[in-house]
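In: how would this look folded up:
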Amino acid sequence: MNPLDIGYIAAAAWIAAALTGLVAGRTKPGLLACCALSGVGGAAAVAGGGWSLVYGDTRVVTPGGAAGTIVGGPLELQMTSLAGVFVALLGVVVVAIALYAPRYHEPGRGTAVYLAAYNLALLACLAVLAAGGMVTFLVAWETMSLTCYLLILRRVRRDDVARGAFWFLALSEIGFLLVVAAFVILASKTHATELDAMAARAHLVPGGWRAVAYLLALIGFGFKAGLVPLHVWLPEAHPVAPADGSAFLSGLVVKLGIYGIALFAFRLVPAGGAWPGLVTMGIGAMTAAIGILYALRERDIKRFLAYSTIENAGIIVTAFGAAMIFHAYRQPALAALLLLAGLYHVANHGCYKTLLFLEAGVVEHATGTRDMDRLGGLVHRLPRSAVIAFVGTLGIAALPPLNGFVSEWLIFQALFQGFRTGSHLIAILIVLAAATLGLTGGLAIYAFVRGFGIPYLGMPRTRQAAAARETGQPIAGPALLAVVCVALAAGAPVMLTALSRATRTVTGVTLGPLLLPGKLTVIPAHTNFSAFSPTYLTVFLVAACAIPLLIFLAGRPRAGSVSVPVWDGGIVSFKPRMQYSAMTFSAPTRVTFDGLYRPSVSVRRASDDDPAGRSGPVHYEVQVTPVFERYLYRPVIRAVEWLADAIRPLQSGDVNLYLFYVFAMILLAYFLGAV
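Out: Residues are numbered from 1 along each chain as shown. Coordinates of the predicted model:
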């Protein structure tokens, strides 16, 4: 049995789950049956994706022979090692959501439609990753976008939902047109629509057309991946989708954009020269920095996590861009290492970001709000959820020994070897990208200290936070992801071995023996640079925390304890409003980067004659319009609205006039053909 056969099992399970959800999703047993079938499909996807890393690329097959066609061409399927990483991630995300959804959703008509759309979206995502031909890929890509649009529209009566769904669909369609153009260029120059044939004939594509095709693909897939300035749909769509829908969008759908970039960069049109890699690396570094800077100003947990997704997409794309540069400068080992590290970060981010979005749903479900400044003290009211969220926070902040640290360490170690290119300018640019990611990493720690500390620690700021209870909250799905995050860290050598086989299939470089010369030690491509062991580091840090605890428990006095007052500086009683808020915690960053944020600040006092606020409360309101929305998208929207108003008279409602338009266009076409 090859990986594609296992993929058929996953597809069949998701089709059955979609039908079950649509027919029986209004009842609790139907909801449970739908989630169970979806989870079975997820488990099959994990097995198929993992097996493809070992098995390698399968041959292209057309199910049903000549009759197996879809709109515009044949249905061609293939499972590759590159796609296997994403298929396995898809399976992990789906299994976690299948455990989470029964306690998150209430049976009903809306839930039935949502579950059907969700499972069809899973099928479309699998088809994207298993596509062996251009037509199959494009049809699956568009189907995935449309079904994800339906997921965002779960609560369709809210205005913000319509806005978020519109942003997602509009930008997805623009990106889709660019991706179609990139594929059409390759198909016309290689005279093939099968992806393997395109890759084999890539040398037939002239350099200029190859560059155009890659840039079109980078921008087109960049819309889905959330690259700056194409990222604006993420903070609009993620907050309004259900928690499991947001988790799916961030944990997997964004990764499909990254998969598309990798597909073109490393398989279909490996660009000649270093400049495509420099462009990719520069866009990635800018995306990472801007994503985390905007995350720091957000109080809404899901908007905060959406901007963090943008940051992590930037880190991955930076690694891919640097890999292209090293390939151009004949450093195949470092190129393969950066591809491997980028794929490792894809898996890591997919797991801990899915976990954090699911936990955001738990917080909202328990308290009725996602505003950090209306939370607090949840560690005492949602203790198990707090521990799970803490694991995800350590992972996404790239703190040892969790999995985010391992992949980011590998990316940094490879970037710091830019001197091996032999070009001083290129080396400086690579180090600048590494420095940008270093700034991003520091800000990410700062951001997630805020993102975890404000909601979970301290005292409850509202009655809703004080009344939160963990009874009935979904725990199993996020807990599974927490276990996976720990396994990806402690079991890093196993993961690196599997990923090195995938990179060997893509690049032809056998990185495994060089990367893992011993059983547990990791070396970043060159033995004379650095080395470390994620497994030993995990054991050491756990022991370092456990030994003092054991000494304390063994030597603590047996006598009764005495409680005495603690010096409190004269404060009679602590109150929740004395705590740091999310906005005050991030104030230093907001002041430092005021030129980027350009906030609009309004102050209201009880009396204009009392600037210190002694006669009553002082209310501060800060509104930040993202710079790209202000200076890029708003002018475009105004231009489109102006054009629509200008051509509105053409839509008169007169059928005779419309026939005249058709006649005029036919005459114009004949005239142009004659010329």
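In: C-alpha only now, for contacts and for neighbours.
Out: Noted.
In: Assign the residue nearest the centre of the chain to helix, strand or coil.
Out: Nearest residue to the geometric centre of the chain (CA atoms, centre = their mean): residue 250, 3.9 Å. Following DSSP: H, G, I helix; E, B strand; the rest coil, the label given to residue 250 is helix.
In: Contact partners for it?
Out: With contact set as CA atoms under 8 Å, 6 or more residues apart in numbering, residue 250 has these partners: 238, 306, 309, 350, 353-354.
In: Among these, which pair sits farthest apart?
Out: Farthest apart among the contacts of residue 250 by CA to CA are 238 and 350. That separation is 14.8 Å.
In: for the record, mean pLDDT for the host helix or strand of residue 283?
Out: Here residue 283 sits within helix 275-295, counting by DSSP states H and E. Averaged over helix 275-295, pLDDT sits at 93.
In: and the longest helix along the chain, what does it pack onto?
Out: Using DSSP state H, we find that the single longest helix of the chain is helix 332-367. Where contact means 3 or more CA pairs under 8 Å, 6 or more residues apart in numbering; DSSP states H and E, helix 332-367 is packed against helix 81-104, helix 243-248, helix 301-328, helix 383-396, helix 403-415, helix 463-466, helix 476-490, helix 492-507.
In: after the fifth one, next one along is what?
Out: Going back to what we said before, that points to helix 403-415. Downstream of helix 403-415, the next assigned helix or strand under DSSP H and E is helix 424-456.
In: quick one: pLDDT of the closest residue to residue 619 other than its chain neighbours?
Out: What sits nearest to residue 619 in space, not counting adjacent residues and going by CA to CA, 6 or more residues apart in numbering, is residue 604, at 5.1 Å. Here, the pLDDT recorded for residue 604 equals 75.
In: that older thread, relative to helix 81-104, how tilted is the longest helix of the chain?
Out: Going by axes from the mean of the first three to the mean of the last three CA atoms, to 10 degrees, helix 332-367 is angled at 10 degrees with respect to helix 81-104.
In: Report all helices and strands that the very next helix or strand once past helix 332-367 contacts.
Out: Once the chain leaves helix 332-367, the next helix or strand it forms, by DSSP H and E, is helix 378-381. Judged by 3+ CA pairs under 8 Å, 6+ apart, helix 378-381 is in contact with helix 383-396, helix 424-456, helix 463-466.
In: Flag the helix or strand of this structure with the lowest per-element mean pLDDT.
Out: Within the chain, no helix or strand scores below strand 69-70, which has a mean of 62 by mean pLDDT, DSSP states H and E.
In: so how far is residue 322 from residue 536?
Out: Using CA to CA, to the nearest Å, residue 536 is found at 29 Å from residue 322.
In: filter the contacts of residue 250 to the buried ones?
Out: Burial by neighbour count, judged by 16 or more other CA atoms under 10 Å, picks out 238, 306, 309, 350, 353-354 from the contacts of residue 250.
In: if we take the residues you listed, which one ends up nearest to residue 128?
Out: The closest of these, once distances to residue 128 are taken by CA to CA, is residue 350, at 17.2 Å.
In: Give me the spatial nearest neighbour of that closest one, chain neighbours excluded.
Out: Of all residues not flanking residue 350 in the chain, residue 251 sits nearest, at 4.1 Å (CA to CA, 6+ apart).
In: Let me see the contact set for that neighbour.
Out: 93, 349-351, 353-354.
In: can you list the weak-confidence ranges in the protein?
Out: Along the chain, the model assigns pLDDT under 70 to residues 64-73, 271, 556-559, 568, 570-572, 606-616, 652, 675.
In: Comparing residue 536 and residue 322, which residue is more hemmed in?
Out: Using other CA atoms under 10 Å as the criterion, residue 536 and residue 322 rank with residue 322 on top: 32 against 14.
In: ends of stretch 223-238, how far apart?
Out: Using CA to CA, the end-to-end distance of stretch 223-238 comes to 15 Å.
In: Contacts for that stretch next, please.
Out: So stretch 223-238 is in contact with 152, 160-161, 163-165, 167-168, 171-172, 175, 222, 246, 249-250, 253-258, 283-284, 286-287, 290, 302-304, 306-307, 309-310, 313-314, 628-629, going by CA under 8 Å, 6+ apart.
In: separation between the closest residue to residue 288 other than its chain neighbours and residue 122?
Out: Nearest non-adjacent residue to residue 288, counting by CA to CA, 6+ apart: residue 311, 3.8 Å away. The spacing between residue 311 and residue 122, counted by CA to CA, is 25 Å.
In: that older thread, which of the contacts of residue 251 sit farthest apart?
Out: The widest separation within the contacts of residue 251 (CA to CA) is 11.1 Å, between 93 and 349.
In: on that earlier part again, would TSV of the helices and strands packed on helix 332-367 with distance to residue 374 be doable?
Out: Shown next, in TSV, are the helices and strands packed on helix 332-367 (distance: least, CA to CA, whole Å):
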stretch	distance to residue 374
helix 81-104	22
helix 243-248	19
helix 301-328	11
helix 383-396	17
helix 403-415	29
helix 463-466	7
helix 476-490	23
helix 492-507	38
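In: Please name whichever of those helices is nearest to residue 674.
Out: So among the helices and strands packed on helix 332-367, helix 301-328 is nearest, using CA to CA, at 46.4 Å.
In: Test my guess that residue 278 contacts residue 325.
Out: Yes - counting by CA atoms under 8 Å, residue 278 does reach residue 325; the two are 6.7 Å apart.
In: of these two, who's got more company?
Out: residue 325 (30 against 21).
In: which ones are touching that one?
Out: Each residue near residue 325 by CA under 8 Å, 6+ apart is listed here: 273-278, 335.
In: picking that back up, dump the C-alpha coordinates for the helix holding residue 283 into PDB.
Out: Output of helix 275-295 as PDB, limited to C-alpha atoms (Å, rounded to 0.1, in the frame of the first residue of the first chain):
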ATOM      1  CA  TRP A 275      17.800  37.600  -6.600                       C
ATOM      2  CA  PRO A 276      14.500  35.500  -6.300                       C
ATOM      3  CA  GLY A 277      15.700  34.200  -3.000                       C
ATOM      4  CA  LEU A 278      16.700  37.700  -1.800                       C
ATOM      5  CA  VAL A 279      13.200  38.900  -2.700                       C
ATOM      6  CA  THR A 280      11.600  35.900  -0.900                       C
ATOM      7  CA  MET A 281      13.900  36.300   2.100                       C
ATOM      8  CA  GLY A 282      13.300  40.100   2.400                       C
ATOM      9  CA  ILE A 283       9.500  39.700   2.200                       C
ATOM     10  CA  GLY A 284       9.600  36.900   4.800                       C
ATOM     11  CA  ALA A 285      11.700  39.000   7.200                       C
ATOM     12  CA  MET A 286       9.500  42.000   6.800                       C
ATOM     13  CA  THR A 287       6.400  39.900   7.300                       C
ATOM     14  CA  ALA A 288       7.800  38.400  10.500                       C
ATOM     15  CA  ALA A 289       8.700  41.800  12.100                       C
ATOM     16  CA  ILE A 290       5.500  43.600  11.100                       C
ATOM     17  CA  GLY A 291       3.300  40.600  12.200                       C
ATOM     18  CA  ILE A 292       4.600  40.500  15.700                       C
ATOM     19  CA  LEU A 293       4.600  44.300  16.100                       C
ATOM     20  CA  TYR A 294       0.900  44.500  15.200                       C
ATOM     21  CA  ALA A 295       0.300  41.500  17.500                       C
END
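In: Just list what that helix packs against, helices and strands only.
Out: Using 3+ CA pairs under 8 Å, 6+ apart, helix 275-295 is in contact with helix 207-225, helix 301-328, helix 424-456.
In: buried sites along the shortest one?
Out: It refers to helix 207-225. Of the residues in helix 207-225, those buried (16+ other CA under 10 Å) are 210-211, 213-225.
In: Show me how far it is from its chain's centre.
Out: Relative to its chain's centre, helix 207-225 lies at 20 Å (CA atoms, centre = their mean, to the nearest Å).
In: Could you do the last one as well?
Out: Here helix 424-456 is found 17 Å from its chain centre; the criterion is CA atoms, centre = their mean.
In: Then stretch 546-556?
Out: Centroid displacement of stretch 546-556 relative to its chain, using CA atoms, centre = their mean, is 41 Å.
In: All set now, cheers.
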